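Asks: using only what follows, build the 3D model:
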Amino acid sequence: MKFIAYMSLQTQMMTQKEVEDFLLCIREKNSRMGVTGILLLIQGKFIQYIEGPSTKIDKLYKTIEKDSRHTDLILLDTGSIKEQQFKDWSMAYHEINERQVKDVMKNKNLDLKKTFTPKEKNNHPALEVLYTFVSTLTN
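Replies: Down below sits the predicted model:
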């Protein structure tokens, strides 16, 4: 089993209907592939965590890299896992506003522009936002 976490920027802001259609499509595809995870949308940026069989995750990530709905893709984290953490989530989705990010991170002075500026993946602040948010959901 493998996981990948990445961040990207929407090439064009999606409407609520486009997001719903997109989620329906990826949830069906992920269910067939045995892939689970979570997708966060924060001020036009996607932060996603996917997990599942290694070959399926590698194939899916190659597809994600070519998807024209986003740009500036940054691989934040990847590795092996013994079992899926989100067995019941073919793709959980949350749109998060600035206040929610600051609340989750317990930092009212957090500069989101700096937090989500593309940079190297090592210790990227977006990864901390993702994992901190996920921990609030699973507690």
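Asks: going forward, measure contacts and count neighbours with C-alpha atoms only.
Replies: Noted.
Asks: in the chain, which residue is most central in space?
Replies: Centroid-nearest residue in the chain: Gln48, 1.0 Å away (criterion: Cα atoms, centre = their mean).
Asks: next, it: phi, psi?
Replies: phi -130, psi 140 (degrees, to the nearest 10).
Asks: and what of Tyr6?
Replies: Per-residue torsions, Tyr6: phi -140, psi 160 (degrees, to the nearest 10).
Asks: now it: how far from Leu127?
Replies: The spacing between Tyr6 and Leu127, counted by Cα to Cα, to the nearest Å, is 8 Å.
Asks: that older thread, thought the residue nearest to the centre of the chain was touching Tyr6?
Replies: Yes - under the criterion of Cα atoms under 8 Å, Gln48 makes contact with Tyr6 at 5.5 Å.
Asks: list the buried residues in the helix of greatest length in the chain.
Replies: Secondary structure of the chain read by DSSP state H shows that its longest helix is helix 16-33. Residues Leu23, Arg27, Asn30 are the ones in helix 16-33 that count as buried (16 or more other Cα atoms under 10 Å).
Asks: count of residues packed around Gly52?
Replies: Neighbour count for Gly52, taken as other Cα atoms under 10 Å: 26.
Asks: whoops, I mixed them up, Trp89
Replies: Per other Cα under 10 Å, the neighbour tally for Trp89 reads 16.
Asks: and the one 4 residues further on, by the same measure?
Replies: Neighbour count of Tyr93, defined by other Cα under 10 Å: 16.
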